[in-house]
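Engineer: 3D model of this:
(chains A and B)
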2 protein chains.
Amino acid sequence: EEEITPEEVKSILHQFFFYIFFSKDSLDYDNSENQLFLEEERRMSHMGFRCLEIRRWVICGLIGFLTGLIACMIDIAVEKLAGYKYFAVKLNIEKYTELGGLSISLILWAVLNSAFVMFGAIAVAFVEPIAAGSGIPQIKCFLNGVKIPRVVRLKTLVIKVFGVICSVAGGLAVGKEGPMIHSGAVVAAGVSQGRSTSLKKDFKIFEYFRRDTEKRDFVSAGAAAGVSAAFGAPVGGVLFSLEEGASFWNQMLTWRIFFASMVSTFTLNFFLSIYHGKPGELSSPGLINFGRFDSDVTLNYLSFFPLHFPGGVLGALFNIINYWLTIFRIRYIHRPCLQVMEAMLVAAVTATVSFAMIYFSNDCQPLGQDNTEEYPLQLFCADGEYNSMATAFFNTPERSVRSLFHNPPGTYNPVTLGVFTLAYFFLAVWTYGLTVSAGVFIPSLLIGAAWGRLFGILLSFIIWADPGKYALIGAAAQLGGIVRMTLSLTVILVEATGNVTYGFPIMLVLMTAKIVGDYFIEGLYDIHIKLQSVPFLHWDAPPTSHWLTAREVMSSPVTCLNRVEKVGRIVDVLSNTSTIHNGFPVVAHTRIICGLILRSQLIVLLKHKVFVERASSRLSQRKLQLKDFRDAYPRFPPIQSIHVSQDERECMMDLTEFMNPTPYTVPQETSLPRVFKLFRALGLRHLVVVDNENRVVGLVTRKDLARYHVGKDGLEELHLAQT
Amino acid sequence: EEEITPEEVKSILHQFFFYIFFSKDSLDYDNSENQLFLEEERRMSHMGFRCLEIRRWVICGLIGFLTGLIACMIDIAVEKLAGYKYFAVKLNIEKYTELGGLSISLILWAVLNSAFVMFGAIAVAFVEPIAAGSGIPQIKCFLNGVKIPRVVRLKTLVIKVFGVICSVAGGLAVGKEGPMIHSGAVVAAGVSQGRSTSLKKDFKIFEYFRRDTEKRDFVSAGAAAGVSAAFGAPVGGVLFSLEEGASFWNQMLTWRIFFASMVSTFTLNFFLSIYHGKPGELSSPGLINFGRFDSDVTLNYLSFFPLHFPGGVLGALFNIINYWLTIFRIRYIHRPCLQVMEAMLVAAVTATVSFAMIYFSNDCQPLGQDNTEEYPLQLFCADGEYNSMATAFFNTPERSVRSLFHNPPGTYNPVTLGVFTLAYFFLAVWTYGLTVSAGVFIPSLLIGAAWGRLFGILLSFIIWADPGKYALIGAAAQLGGIVRMTLSLTVILVEATGNVTYGFPIMLVLMTAKIVGDYFIEGLYDIHIKLQSVPFLHWDAPPTSHWLTAREVMSSPVTCLNRVEKVGRIVDVLSNTSTIHNGFPVVAHTRIICGLILRSQLIVLLKHKVFVERASSRLSQRKLQLKDFRDAYPRFPPIQSIHVSQDERECMMDLTEFMNPTPYTVPQETSLPRVFKLFRALGLRHLVVVDNENRVVGLVTRKDLARYHVGKDGLEELHLAQT
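Structural biologist: Below you'll find the model as predicted:
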């Protein structure tokens, strides 16, 4: 077998993800405070600002409500479809158990699975490839400030929801929780902008919010609402959004995000309770619910200790295998029909493996009085008993997790659990990265719960131990080892557990899993983000980067424009494909900075032909308004689509009114950590570097900062895709 | 009665709080990146940074552990002392109930209360006045970036702990939860600096952390640990710290804060469980525990609605009365012995009122089988019954809250509750602001729980209702109406309740309480902060402030220093009492900015006589190190204490090495919201305003920004104490 060099990987990836990062762009969290903007803000009364604030709250409420509804819809659809499927297969198995010819049941199961998955995979592969996977890496990038095209469109949402229903009903080793985060984000982007490009419909509301700053705030709320609906964890949702997105913590914003999360979990809870016929109970705050744990954990604290390490190691193993699989997929499985076929193959294999394990397992358990199993399979067991392996496979993964947490000691045979862990681990690794929309949270929890419970059972031979608690800690360890989230994951798990006493052991296990796992390889999402060479900014500059200054980091020379510039020059600058800059310093004589103008603003100006003809007075020109910029947001036309005649090229454009007259600047001796802090804290897109006399000497962009990171031998420089 | 004018109030306050704000100063969250600092950072290896990080974690663990221990100690001490007291009084009452002469019991009770309170009040009034109250306003200010002297000293902690034990045991209408936040903050400041000024002991560890940036991070962790220990709410603690303190959200920092919180609640839980003899249970995650609520709330959602408004109104009433009381106290009760006497008077009155209400109430309830009451008072009730009013008063407030939440319907008579609410409301108003260390959380919860339960009882005549749930919502409403915290309070209450289903109604009720209450007056903590004219920075600039620019906001003219400056001039500038600036721009010829140097740095330089003698070479002078600055931190000597001879005045000082060569600057046309955002997001203390050619034209400080706020008629300017 040939070895793949990193360069080769990179070139393959560039090819593969070309459609994604060709137009990858940054979000600007800094308002362009030009004259138009200031005039509008100054015109607005105190009451006007209050109305805006109320509108923000209403939008957040709507985001929460719609996200909750979507989660509810997915849950009901999956339950129904999976129910029909398991019912049919169970009947069939029961029929053929005595007759012989169980292979017919196997074929039925495999075909049903493949059919479900086929629909989902076709939708994703042919209609909207960005809807593949859990969407969490994409949302992480978006919240970080990287604009990925089509990630928050209505079409993506529809395919995502349809895809996740198909893949979960198709019995893949996936969860429906991850995609909720993406779904919430799309809902937020749609509602807050008051229009949909996919539907070509503009409701003419919320026009004030049509800019990056506001949109990103709402998308944070949407992501939080998604987490909240998925796990019944409103606080975890808020912390997830903050961990991934926030640059500057703003109290009112956080409060609104929390409101969206609360509404979302409440909506889901309310409608699911009605659906389950128990409207008074409100017992389903999230798609997954760990059930209630009692508080009796003291004695277990020390015995949880051995569970700390397998999480990190197994998580890293998962990530390493998945990394190579992803590379393999990029090389050989890049055509949509191949992708659909792979997904169908995995579905069929999942069914086969499950069937084989149920078939060969002879772990019979007595059927409980309360009959907690929904589809108890008798198979070759005696009457009044059921096949315990079937419980794990013949169920949605959420239910399996819950049984591992809460079934009384003795429900599972250690060998069953061991085999199950192994089989499910490899199925889950193979499944993540398929062209279906699906999450990795639940399979991770399931793997961890299985080996955690196994440990608990083995331990209970020595001391008394409730294996369900070890299942919980194992689940946390495995999930932590794979995704490496910390604070928000702890809170999500504690909220899903509903018992704060478990917070401490869960936190410790997540910390260890992260430390151990990071020793081998990064987290799963980070791997996938890195594979796409996204200029992702971390929280701090690398610690050993104090010897770098803005002078070394910045891009230079930088194209500057004059305050009153020839149209021809602007068109040439924008058309120059070798330097795709998105912001241009505006300078007075001797390159003294006097403003910053964005490519998008220039394009709107060119489109509206805001030219100062040499002879005519200024008054003749049509007054451009902020509304014109907002209408063009967020998809500004490319420069090629704007026709500028030869005559017009000779005209001048006065940028004074449109440029941001007070861009943030740093002197060129500023150290990298200082530049980084300013850039990150304010969510900037461009930072102008000036010399002592305020003359422009360079421009720092996201890419310039993202390429430094800490490697094995200290500071390393990455090569990133052009932004 | 004469009317007090606002000016008069202000002058009185200035007099009264003089000792506080005379040396009030800002914290600097921006590292002074001078050459010394950069050299040190550059010398440090990757491993060095990792060790620092580990040390930070260790400190956070220690902070959590010690805070948990202190909370545990307070709890046990209070339980013991209050137990003895109630036992003695109960015996006495029982003795005299039949004999007659219950007035002796009253006197005994009043004397016991007053004695306890006297000790606490004497300690606070004579030894450390800053330990009075809950300490939350002070910690809010500290986290906001205002340095208040002596607030995080060991002596303050000792007095605080002693004071809170005395005042709770003394039966005042106070809680022991608020002071925990202050205690945690002091622990953090002490541990992280590795030395104590009160003890004059320097452990020579953690010297790297001796600067504002690091110290504030640790104090955040301490405050969070305090909240966590008080309410068993680690996530709420983190959110409290972020809400009050964070400027820039940093993932690792938040994670550390969370760690401290978790350790703190776990420590408390662990030791209290051992103390209660149930080491396996871990059932006391916080000082106050609301007990478990079931999830059956749907039908109640609408019926909670009427509870939304009284919270805001009663909260505002509380704050208004307390405001006038505070003014009265400032005018007439400013001598320590008077303060002690007032505290004793309140303690005696509290006992008397309680006694009278128990005496005159004839609300007898049958003694339950399980005997949940610890000190059931029979008084004039029949055998096998107890006086229900006595339950509310004859108990620590925490227990009373819990009984209001959880006692079965029918335990309380509506009239009893009504009278109790009224009496306790006025007692609590009177108590807050006494010269004792005590918190307002629990009394607020108790008042709210009482009227909430009253509402529930009245409602249960019409529809079925569990009054305990109304007590919970009422408690949240009342507390929200008084303190006006939002996000963190919701999370704290949800965590204390242990049921996420209540999150939604609690959030709604807190929102309404804030909106209704803000209509009348600000929150209790904000009132007290405002009374001290602290330059407190809110999250955003006032919305209608876009027409203000840096030019209008800045202080000017500003005293600049030359890169090489005469010692005499520096001494004169520092000694000039009319402009107590803390930072001075360093300029080259024609006032072009080339750095910023702090008063504290200049003082250290003067103290070490880092002078360039005109003739001698530079090499002769002793090389100053970062360590010299750290040793002087945080209490730099005043300029008056430094002797500079006439000869030395003629020497020069070279500031190049010590100044921050890359201070943040803004052009003078920058709008106020933009300046505000930069200042707040980066936690600055000084922001230099420059013109087009980078010449210094002004300096924006915290005070310049804090004085703008939104009043009834739009933007208003406050007059703040000199910082």
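Engineer: count the neighbours of residue A:98 for me.
Structural biologist: 6 (other CB atoms under 10 Å in any protein chain shown). Every residue, glycine included, has its C-beta placed from N, CA and C.
Engineer: now swap in residue A:575 and tell me
Structural biologist: So residue A:575, with other CB under 10 Å, has 12 neighbours.
Engineer: and it, how close does it get to residue A:632?
Structural biologist: Residue A:575 sits 18 Å away from residue A:632 when distances are taken as CB to CB, to the nearest Å.
Engineer: in a strand, residue A:596, correct?
Structural biologist: Yes. Checked against DSSP: H, G, I helix; E, B strand; the rest coil, residue A:596 lies within a strand.
Engineer: next, count neighbours for the residue nearest to it when sequence neighbours are not counted.
Structural biologist: Nearest in space to residue A:596, with sequence neighbours left out and distances taken as CB to CB, 6 or more residues apart in numbering or on different chains, is residue A:663 at 3.8 Å. Using other CB under 10 Å, residue A:663 has 25 neighbouring residues.
Engineer: could you measure from residue A:663 over to residue A:686?
Structural biologist: From residue A:663 to residue A:686 the distance is 7 Å (CB to CB).
Engineer: hey, what's in contact with both of the two?
Structural biologist: The overlap between the contact sets of residue A:663 and residue A:686 (CB atoms under 8 Å, 6 or more residues apart in numbering or on different chains) consists of residue A:596.
Engineer: against which helices or strands is the helix or strand where residue A:418 lies packed?
Structural biologist: Element membership for residue A:418, per DSSP states H and E: helix A:414-431. Contact partners of helix A:414-431 among helices and strands, from 3 or more CB pairs under 8 Å, 6 or more residues apart in numbering or on different chains; DSSP states H and E: helix A:308-332, helix A:336-360, helix A:388-393, helix A:441-459.
Engineer: my read: residue A:597 touches residue A:586, true?
Structural biologist: Yes. In terms of CB atoms under 8 Å, residue A:597 counts as a neighbour of residue A:586; the distance is 5.6 Å.
Engineer: shared neighbours, the two?
Structural biologist: Going by CB under 8 Å, 6+ apart, residues that sit against residue A:597 and also against residue A:586 are A:561, A:655, A:659.
Engineer: what residue lies at the spatial centre of chain A?
Structural biologist: For chain A, the residue nearest the mean C-alpha position is residue A:136 (1.6 Å; CA atoms, centre = their mean).
Engineer: residue contacts, that one?
Structural biologist: Contacts of residue A:136 (CB under 8 Å, 6+ apart): A:178, A:181, A:182, A:439, A:525.
Engineer: out of these, which comes closest to residue B:537?
Structural biologist: residue A:181 (33.2 Å; CB to CB).
Engineer: what residues go with each domain of chain A?
Structural biologist: When chain A is parsed with automatic domain parsing, its domains come out as A:52-275, A:300-531, A:550-717.
Engineer: what angle separates the top helix by length along chain A from helix A:336-360?
Structural biologist: The residue-count maximum for a helix in chain A (DSSP state H) belongs to helix A:46-99. Angle of helix A:46-99 versus helix A:336-360, following axes from the mean of the first three to the mean of the last three CA atoms, to 10 degrees, is 50 degrees.
Engineer: what helices and strands are in contact with helix A:46-99?
Structural biologist: Against helix A:46-99 (3+ CB pairs under 8 Å, 6+ apart) you get helix A:102-122, helix A:154-169, helix A:178-193, helix A:212-231, helix A:251-275.
Engineer: buried ones in the first one?
Structural biologist: The neighbour-count criterion (16 or more other CB atoms under 10 Å in any protein chain shown) identifies A:102, A:105-106, A:108-110, A:112-114, A:116-122 as the buried residues of helix A:102-122.
Engineer: ok so, going back, the longest helix of chain A: how far from the chain's middle?
Structural biologist: Its chain's C-alpha centre lies 18 Å from the corresponding centre of helix A:46-99 when counted by CA atoms, centre = their mean, to the nearest Å.
Engineer: quick check: angle from it to helix A:102-122?
Structural biologist: 160 degrees.
Engineer: now helix A:46-99: mean pLDDT?
Structural biologist: For helix A:46-99, mean pLDDT rounds to 90.
Engineer: in chain A, what secondary structure element scores lowest on mean pLDDT?
Structural biologist: For chain A, using mean pLDDT, DSSP states H and E, the weakest element among its helices and strands is helix A:18-21, scoring a mean of 41.
Engineer: where does the stretch 251-400 of chain A dip in pLDDT?
Structural biologist: A:280, A:295-300, A:368-375, A:379, A:392 (pLDDT under 70).
Engineer: show me which residues of the stretch 501-650 of chain A sit near chain B.
Structural biologist: The stretch 501-650 of chain A has residues A:501, A:503-504, A:507, A:511, A:539-540, A:543-544, A:546-547, A:588, A:592, A:594 near chain B, with proximity defined as CB under 8 Å from any CB of the partner chain.
Engineer: can you pick out the most distant pair from the residues you listed?
Structural biologist: A:501 and A:588 (64.4 Å).
Engineer: between the two, which one's more packed in?
Structural biologist: residue A:501 (24 against 14).
Engineer: give the helix, strand or coil label for the more buried one.
Structural biologist: helix.
Engineer: now do the same end-to-end measure for stretch A:594-609.
Structural biologist: 23 Å (CA to CA, to the nearest Å).
Engineer: in it, which residues are buried?
Structural biologist: Buried-residue list, stretch A:594-609, by 16+ other CB under 10 Å: A:594-607, A:609.
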